[in-house]
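K.L.:
give me the fold of what follows.
(3 chains)
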Amino acid sequence: MNNTALTSSLERWFATNARDLPWRTTHRDPYRSLVSELMLQQTQVSRVVEKFEPFLERFPSVAALAEATEDEVLAAWSGLGYYRRARLLHTCAKAIVDRHEGVVPDSLDELLKLPGIGRYTAGAIASMVFGQRAPIVDGNVTRVLLRVHNKPIPQADKATVDWAWQRAEALVNACDDPATFNEAMMELGATVCVPKGPRCLQCPISAECGALAAGTTESIPLPKPRAKQKHLYCASVVMRSTRSVLLEQRPGSGMWAGMFQLPTLEREDRAHEPGELVEAGFADPEHIESFTHVTTHRIVEFAIYRASAPTKTPENLRKHPIGSLDTLAISNAQMKALRIAGILES
DNA sequence: AACCCGGGGCG
DNA sequence: CGCCCAGGGTT
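P.N.:
Residues are numbered from 1 along each chain as shown, chains lettered A, B, ... in the order given. I've put the predicted structure just below:
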């Protein structure tokens, strides 16, 4: 494999084929890149594009983010999922203020010490923002490398991961411009060397691709073994007045940590019976509608009930003006519940 | 090393 | 409906 032939082809291709994305400004801003990289962890570009500018407008700088409350940060993150990232980004901003006077550090080591920033994100910021020869490996890069080298091996194995980082390092050391090359690898994976039906006719490195030569592109990478989805049954209760609704805040860990929701009972074995709602203090529960919310790790069955005011008021329960719900951290599943309940408009 | 954590779009 | 995704932290 000629590393330089591969990197130069990719860099040339990227110069004319890069998508126009909000964080791809001509001069990369460290804070914008930090926010975009955290948002992009395990999340597709199209989802991030909608949330990116509003988030930056709300928190225009590291200092502004560091001074915000956790609830405010979570609210701005609402809908993006993996909400721990929002808390980590918030903690990260505070650490940058404390340790680096509010300036995003340029060294790989210092970046790696920050919360929410791992090997990939540190390499991405070091290379794309600060131009350093730091390798990056993510799902896209791994797939491209496995195909180029025609390696039908499990992508999650430690040996595979180590090999991919080694290859990425050799390539970033051979390339002309690390920022361009790293981003080109990911762009290729996202737009050309896609998981199903790669567009090999448009690929700038098809001449170097072992999988294309061998006719194995469709079987690389091997399918990831996936954990079985766990079932969760939620009964969410609507108790409202004309202008307000009762909401609770979820605990600080686990699923949808820290997010606001209709008062909700949960169990894993079966759906709730109305009597259980009564026992929990929700008088005269009346079933409105049910729906299924699917995530990567869970199948959540929501049953929405209407009830009169609680007979006992849990510590956690508070009235929220309906007009103010858009400033709260609320998951998409609960947004759907609020629409079904007629609290929010469809 | 295994497990946990959202959400939507696409074939 | 199964599959995928610009991962990182905790245990």
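K.L.:
which bits of chain A sit near DNA strand C?
P.N.:
A:21, A:23-24, A:36-37, A:40-45, A:82, A:84-85, A:88, A:115-122, A:124, A:138-140, A:143, A:183, A:186-187, A:189-190, A:195, A:223-224, A:226, A:296 (CB under 7 Å from any atom of the strand). All C-beta spots, glycine's among them, are computed from the backbone N, C-alpha and C.
K.L.:
for ChimeraX, what selects the buried ones among the residues you listed?
P.N.:
Remark: buried members of the residues of chain A next to DNA strand C, expressed as a ChimeraX selection using 16 or more other CB atoms under 10 Å:
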select /A:23,36,37,40,41,45,85,88,116,117,119,120,121,122,124,138,139,140,143,183,186,187,189,190
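K.L.:
ramachandran coordinates for the residue in the stretch 101-250 of chain A that DNA strand C sits nearest to?
P.N.:
Per CB to the nearest atom of the strand, A:Gly118 is where the stretch 101-250 of chain A lies closest to DNA strand C, at 2.6 Å. Main-chain torsions, A:Gly118, degrees, to the nearest 10: phi -110, psi -160.
K.L.:
what's the closest non-adjacent residue to it?
P.N.:
Leaving aside its sequence neighbours, A:Gly118 sits nearest to A:Leu112 (CB to CB, 6 or more residues apart in numbering; 7.3 Å).
K.L.:
same thing with A:Met128?
P.N.:
Nearest one to A:Met128, counting by CB to CB, 6+ apart, is A:Ala179 at 4.7 Å.
K.L.:
neighbouring contacts of the helix or strand hosting the one you found?
P.N.:
Using DSSP states H and E, A:Ala179 maps to helix A:178-191. For helix A:178-191, contacts defined as CB atoms under 8 Å, 6 or more residues apart in numbering pick out A:7, A:10-11, A:13-15, A:17-19, A:24, A:28, A:45, A:123-124, A:127-129, A:131-136, A:138-141, A:143-144, A:168, A:171-172, A:175, A:199, A:203-205.
K.L.:
could you give the angle of the regular element (helix or strand) spanning A:Trp13 to helix A:178-191?
P.N.:
Using DSSP H and E, A:Trp13 falls within helix A:3-17. Helix A:3-17 runs at 70 degrees relative to helix A:178-191, counting by axes from the mean of the first three to the mean of the last three CA atoms, to 10 degrees.
K.L.:
is stretch A:88-100 up against DNA strand B anywhere?
P.N.:
No. If you take CB under 7 Å from any atom of the strand as the test, stretch A:88-100 misses DNA strand B, and the best it gets is 10.5 Å.
K.L.:
in that stretch, what's buried?
P.N.:
Going by 16+ other CB under 10 Å, stretch A:88-100 has these buried residues: A:88-97.
K.L.:
next one: stretch A:218-234
P.N.:
Residues A:220-221, A:232-234 are the ones in stretch A:218-234 that count as buried (16+ other CB under 10 Å).
K.L.:
repeat for stretch A:177-193
P.N.:
Buried-residue list, stretch A:177-193, by 16+ other CB under 10 Å: A:177-190, A:192-193.
K.L.:
wait, does that stretch make contact with DNA strand B?
P.N.:
No. Against DNA strand B, stretch A:177-193 shows no contacts by CB under 7 Å from any atom of the strand, the least distance being 12.0 Å.
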